[in-house]
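Q: quick one: sequence plus predicted model below, questions after.
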Amino acid sequence: MSKQLLRSGTSIGANIKEALRGQSKADFYSKLNISLKEASETEYWLELLNESGYIEDRFFDGIYSDCQEIISILVAITKHQKD
């Protein structure tokens, strides 16, 4: 589970970085949508690790809150694409 968390968590930033260098608006939004999916997956792994006792609540709360904030930001940006 921790390897999955590491993979999805680092993929968020990697795809955002790629989006910033996108060749078009479509490419930019495509990479941000991938980042959003990876952030949602990261949220899942965090929940699973916490519920199974691998992450203590005191560590989980801050990380989970940060993850949800990233998701909110990505939702706001990608929603703009549809407007």
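A: Arrived safely, thanks for sending. Every value quoted in this text rests on a predicted model; they were computed, and no experiment measured them. Numbers count the residues shown, from 1 in each chain.
Q: quick one: secondary structure of residue 54?
A: For residue 54, the assignment made with DSSP: H, G, I helix; E, B strand; the rest coil gives coil.
Q: so how far is residue 19 from it?
A: The gap separating residue 54 from residue 19 is 31 Å, by CB to CB, to the nearest Å. C-betas here are computed from N, CA, C, even on glycine.
Q: quick one, which of the two is more surrounded?
A: Between residue 54 and residue 19, counted using other CB atoms under 10 Å, the more crowded position is residue 19 (19 against 14).
Q: find the nearest non-adjacent residue to that one, please.
A: Spatial nearest neighbour of residue 19, excluding adjacent residues (CB to CB, 6 or more residues apart in numbering): residue 31 at 3.5 Å.
Q: and the one you found, what element?
A: For residue 31, the element it lies in under DSSP states H and E is helix 25-51.
Q: what is that helix packed up against?
A: In this structure, helix 25-51 packs against helix 2-20, helix 57-82, with contacts taken as 3 or more CB pairs under 8 Å, 6 or more residues apart in numbering; DSSP states H and E.
Q: list the buried residues in stretch 55-63.
A: 55, 60, 63 (16 or more other CB atoms under 10 Å).
Q: what's the mean pLDDT across that stretch?
A: Confidence over stretch 55-63, taken as the mean pLDDT, stands at 94.
Q: what of stretch 6-16?
A: What stretch 6-16 shows for mean pLDDT is 96.
Q: now it: how far from the chain's centre is it?
A: For stretch 6-16, the distance between its averaged C-alpha position and the chain's averaged C-alpha position is 7 Å (CA atoms, centre = their mean, to the nearest Å).
Q: neighbouring contacts of it?
A: Contact with stretch 6-16 is made by 31-32, 34-35, 38-39, 41-42, 45, 70, as judged by CB atoms under 8 Å, 6 or more residues apart in numbering.
Q: cool, stretch 72-83 as well?
A: Outside of stretch 72-83, the residues that reach it under the criterion CB under 8 Å, 6+ apart are 25, 29, 32-33, 35-36, 39.
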